[in-house]
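Asker: got a predicted model here, sequence first, then my questions.
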Amino acid sequence: MPTQAYFDKYPSFPSDVSVVKLPRLSFAKLLAQEEGESDALFEACRAIGFFLLDFRCCPEGEAFLEKAETMFDINQEVYALGFDELMQYAYRPSHSLFGYKCIGDSKIEDNKPDRHEFYNISQDDMTGISKLSNPPCIEAHRPGVKAYIEQAYSIVSLICSHLDTQLRLTPGTLASLQPMSLSSGTALRMLRYPSQPVGDRRTSLRGHTDLGTLTILFNITGGLQLLLPGTDPRDESSWVYVQPVPGCAIVGLGDTMVQWSAGILRSNMHRVTFAPGEQGEVTRYSLAYLVRPYSEAPMKRLSGGNSLIPELEEGEEDTTINAREWEARRVAALRKGQDNTRSKGGREIKLEDKNKVSAVIVGRAE
Ligand SMILES: O=C(O)CCC(=O)C(=O)O
Ligand SMILES: [Fe+2]
């Protein structure tokens, strides 16, 4: 996440905890179109569907980190408003996912209430495509929030341009399905997780995959865990912490990328639980930019032409519904507990040099 100075405000991540060693990619190298970095990006997107993106050491990256810190300051201002005020902006799931979700509104695995709250700011609202009403502290920061979203979107476009090349799609294909200029469910989500009492700690946000295309996540304290590929979600040892790194975002792929790539790219199950060690004693704030396709975007695979994405096999059918309908069905199923969520994608591709993906490494925190 943001800079070391921001991390220093919190207890440090304990060194005796196992963590997933996510690939760490350099934003500067991706910007400079370095081929090796592009290949490493593709491999991360297929092997685990998560990677760290290091923004340090280049002016554009440092500017993004500064903006992210401002978003964390706004996050704290939002929750300082308190429950009664925030409930005036409550989200209405079957109608709209923008606004405030209170603690306990959704369930964790054993049907107990969750332990997180969030405020979803609509990208369309910030760019002027639509107009929603937000608490005064968000309204007062509209230009800053919009600037954050614009830069986050440009980073998403950069990642997509590398994935276009890797998947041998026409340049611009992936970004054209999620332009900022068209209405979408894209949100900047400000999350808050109160510290949990010792002796009564549990999952705060249940295991899930993100629905959209890409998520740019900033964490300061731990709590985020990934389900190791090929393991059983009911087994606690299958869930491993991600250690937040100063100057780095945690980037994850969502189900839409799996859908468009016919399973070449991967969306991995993740959840949030209490932070390890002393970090468990402080309130956890987190910031997620969750990108969705434009509402009318097709959800079918991007095969054809030179693309690496396989054509449908005999008897296979592709979806004909658009992104808005697809998301609505998924959200409804999730809320009814009918969604049998699992990690998806990561299928083999028939290319000599690209066929092997490295195993996910678990090691000690640093
Ligand atoms: O707060 C976090 O670290 C993760 C949040 C998340 O997974 C989500 O909002 O989809
Ligand atoms: Fe998520």
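Answerer: That came in fine, so what should we check first? Ligands and ions are numbered 1, 2, ... in the order given.
Asker: any buried residues in stretch 234-252, and which?
Answerer: Residues 238-252 are the ones in stretch 234-252 that count as buried (16 or more other Cβ atoms under 10 Å). C-beta coordinates here come from the backbone N, C-alpha and C atoms, glycine included.
Asker: please compute how far it lies from its chain's middle.
Answerer: Put simply, stretch 234-252 sits 12 Å off its chain's centre (Cα atoms, centre = their mean, to the nearest Å).
Asker: please apply the same query to stretch 148-164.
Answerer: Remark: stretch 148-164 is offset 13 Å from the chain centroid, using Cα atoms, centre = their mean.
Asker: what helix or strand is the closest residue to Met126 other than its chain neighbours located in?
Answerer: Excluding the flanking residues, the one nearest Met126 by Cβ to Cβ, 6 or more residues apart in numbering is Lys146, at 4.4 Å. Using DSSP states H and E, Lys146 falls within helix 142-167.
Asker: then Leu52?
Answerer: Element membership for Leu52, per DSSP H and E: strand 50-54.
Asker: help me see whether the helix or strand just after that strand makes contact with ligand 1, please.
Answerer: Counting by DSSP H and E, the next helix or strand C-terminal to strand 50-54 is helix 59-80. No: using Cβ under 6 Å from any ligand atom, helix 59-80 stays clear of ligand 1, with a minimum separation of 11.0 Å.
Asker: give the next helix or strand downstream of the helix holding Lys146.
Answerer: helix 173-176.
Asker: kindly export that next one (C-alpha atoms) in CSV.
Answerer: Output of helix 173-176 as CSV, limited to C-alpha atoms (Å, rounded to 0.1, in the frame of the first residue of the first chain):
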residue,chain,number,x,y,z
THR,A,173,-9.9,-5.2,-27.0
LEU,A,174,-10.1,-5.6,-23.2
ALA,A,175,-10.2,-1.9,-22.4
SER,A,176,-12.9,-1.3,-25.0
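Asker: helices and strands around it, which ones?
Answerer: Judged by 3 or more Cβ pairs under 8 Å, 6 or more residues apart in numbering; DSSP states H and E, the packing partners of helix 173-176 are helix 142-167.
Asker: return the set of buried residues in the helix it packs on.
Answerer: Under the neighbour-count criterion of 16+ other Cβ under 10 Å, helix 142-167 has 144-149, 151-153, 155-164, 166-167 buried.
Asker: what's the angle between it and strand 50-54?
Answerer: 120 degrees (axes from the mean of the first three to the mean of the last three Cα atoms, to 10 degrees).
Asker: which strands or helices does helix 142-167 pack on?
Answerer: With contacts defined as 3+ Cβ pairs under 8 Å, 6+ apart, helix 142-167 has these neighbours: helix 27-31, helix 35-47, helix 59-80, helix 123-127, helix 173-176, strand 187-193, strand 214-219, strand 284-290.
Asker: quick revisit: quick one: pLDDT of the residue nearest to Met126?
Answerer: For Lys146, the pLDDT comes out at 98.
Asker: still on that earlier bit, quick one, the helix holding Lys146 and helix 59-80 angle?
Answerer: Orientation check (the same axes, to 10 degrees): helix 142-167 against helix 59-80 gives 130 degrees.
Asker: what mean pLDDT does stretch 208-216 get?
Answerer: For stretch 208-216, the per-residue pLDDT averages 96.
Asker: so what touches it?
Answerer: For stretch 208-216, the external contacting residues (Cβ atoms under 8 Å, 6 or more residues apart in numbering) are 53, 152, 155-156, 159-160, 174, 177-178, 185-186, 249, 251-257, 267-271, 288-293, 327, 330-331, 334, 341-344.
Asker: just stretch 308-326 next, same as before
Answerer: Residues from elsewhere that reach stretch 308-326 (Cβ under 8 Å, 6+ apart): 166-169, 184-185, 256, 259-262, 264, 292-304, 329, 349, 351.
Asker: for stretch 3-13, same thing?
Answerer: Under Cβ under 8 Å, 6+ apart, the answer for stretch 3-13 is 1, 65, 69, 72, 220-222, 243-244, 246-247, 276-279, 281-282, 365.
Asker: can that stretch be found next to ligand 1?
Answerer: No: using Cβ under 6 Å from any ligand atom, stretch 3-13 stays clear of ligand 1, with a minimum separation of 13.5 Å.
Asker: could you list the low-confidence segments of the stretch 51-200 of the chain?
Answerer: Scanning the stretch 51-200 of the chain with the threshold set as pLDDT under 70 gives no residue ranges.
Asker: so which bits of it are right by ligand 1?
Answerer: Residues of the stretch 51-200 of the chain found near ligand 1 (Cβ under 6 Å from any ligand atom) are Arg189, Leu191.
Asker: of all of the stretch 51-200 of the chain, which residue lies closest to ligand 1?
Answerer: At 4.5 Å from ligand 1, Leu191 is the closest residue in the stretch 51-200 of the chain, using Cβ to the nearest ligand atom.
Asker: measure that residue to Ile361 for me?
Answerer: 27 Å (Cβ to Cβ, to the nearest Å).
Asker: quick one, which of these two is more surrounded?
Answerer: Under the criterion of other Cβ atoms under 10 Å, the comparison of Leu191 against Ile361 puts Leu191 first, with 23 against 11.
Asker: return the residues in contact with that one.
Answerer: Residues near Leu191 by Cβ under 8 Å, 6+ apart: Asn75, His116, Glu117, Phe118, Leu205, Arg284, Tyr285, Ser286, Leu287, Ala288.
Asker: tell me the bridge partners for it.
Answerer: Counting by DSSP bridges, Leu191 forms beta bridges with Phe118, Ser286.
Asker: with Leu290 instead?
Answerer: Taking DSSP bridges, one finds Ala187, Thr215 as the beta-bridge partners of Leu290.
Asker: I'd say it and Thr186 touch.
Answerer: Yes: between Leu290 and Thr186 a contact is recorded at 6.7 Å, counting by Cβ atoms under 8 Å.
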